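[1] For reference, the sequence and a predicted model appear below.
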Amino acid sequence: MPGEKYNITSTVELPNDPERRHYPRFGLGVYVTEPGAETYNAVTWALEAGYRVSWREEGVLHAGTHIDGAEWYENEADCGRAINDFIAKSGTPRSEIFFTTKLMHNRTDPAWVEKCVDVSLSKAGLDYIDLYLIHDPTGGPDVRAAMWEGCCRVRDTGKVKSIGVSNFGVKHLEDLLARKPKYAPAVNQVDLHPFMTRNDLVAFCQSKGIVLEAWAPLVRGMRFKHPVVVELAEKYGKSPAQVLIRYGLDRGFIVIPKSTQKARIVDNARVFDFTLEQADVDRLTGLDCFLVSDWEVTTVE
């Protein structure tokens, strides 16, 4: 929220997680990052740059590093290899690295989810997934309910620590919650930035304890030269990218900026020494024009 600087170790509690786990407010996204060296290097650089979080709970220090992947990206193996290599060379415990991945295809059988989780774990070479998301709401209410039942099941097996959804609109969430599932989604990862503010969805998720995660806080670089963004970058002595990342943080979102360049990965993390004034947050929010930066499925049936 405006006025809270946070830091690279800041987390947000997941109210809908049965164990009320904490989730890193800042991480690295690897969407459209090429499988192989490009993904491996980006994840390694993020780990080395300190994309780390820590919190103390009941006298125990917990820590983690946040990498956001997906089956669809075809680079789970490279994420996992980078994570495991970093663990081996640094001595960092697996519990200090927070890995997210997502279900690629929705089906009618909840057992499908467990099969997909097993494949993702095998590819990544990991024993568990920290956060597992249904990647999109396609298929209709019954299919979404079946996939969510599958997520609840894998959460109970321990193969997945926390569960959520991605690209779900208000109607999708209303339909899902109306069926009174065992667990409510802990996270909804969706396109959020000053040019796509989704105020109704944000308000609904906040009312239901669903934490919002912005998957394209940089607007894919499409608005770095927007006059308001440039003006605020000059005002705060920051880059347009840093202003946009900070906007997401000041709205209370989790942000996962994507980059494959070491210097930018480091630079994207330099957003914890300033906050945007409320008037500037409001000004940026006023730029909303439903700009689809990549993929829009929040309104599918």
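    Yes, it's here.

[2] which non-adjacent residue is nearest R198?
    Leaving out its chain neighbours, the residue that sits closest to R198 by CB to CB, 6 or more residues apart in numbering is L192, at 6.2 Å. Every C-beta, even on glycine, is put in place using the N, C-alpha and C of the backbone.

[3] pretty sure A82 is touching L47, no?
    Yes. A82 is in contact with L47 according to CB atoms under 8 Å; the separation is 7.0 Å.

[4] Check the secondary structure at the most centrally placed residue in the chain for me.
    Residue closest to the average C-alpha location in the chain (CA atoms, centre = their mean): E213, at 4.7 Å. Look at E213: counting by DSSP: H, G, I helix; E, B strand; the rest coil, its state is strand.

[5] And the one 4 residues further on, by the same measure?
    For P217, the assignment made with three-state DSSP gives coil.

[6] Please report phi then psi for it.
    Torsion angles at P217 (phi, psi; degrees, to the nearest 10) stand at phi -60, psi -20.

[7] Next up, the contacts around it.
    Shown in contact with P217 (CB atoms under 8 Å, 6 or more residues apart in numbering): L192, H193, L244, I245, Y247, G248, F253, V255, I256, P257.

[8] How much space separates the last one from T44?
    Translated: P257. 17 Å (CB to CB, to the nearest Å).

[9] circling back: among the contacts of P217, which are in helices?
    L244, I245, Y247, G248 (DSSP state H).

[10] Surely V43 forms part of a helix?
    Yes. Assigned with three-state DSSP, V43 falls within a helix.

[11] Without its sequence neighbours, what residue ends up closest to it?
    With CB to CB, 6+ apart as the criterion, V43 has its nearest non-adjacent residue at 3.8 Å, and that residue is A82.

[12] How about G36?
    D78 (6.2 Å).

[13] Now that neighbour: which helix or strand?
    helix 76-90 (DSSP states H and E).

[14] Contacts for that helix next, please.
    30, 35-36, 39-41, 43-44, 47-48, 67, 69-70, 92-94, 97, 99, 101, 120, 123-126.

[15] hmm, 7 Å instead?
    The contact list for helix 76-90, computed with CB atoms under 7 Å, 6 or more residues apart in numbering, reads 30, 35-36, 39-40, 43-44, 47, 67, 69, 92, 94, 97, 99, 101, 120, 123-126.
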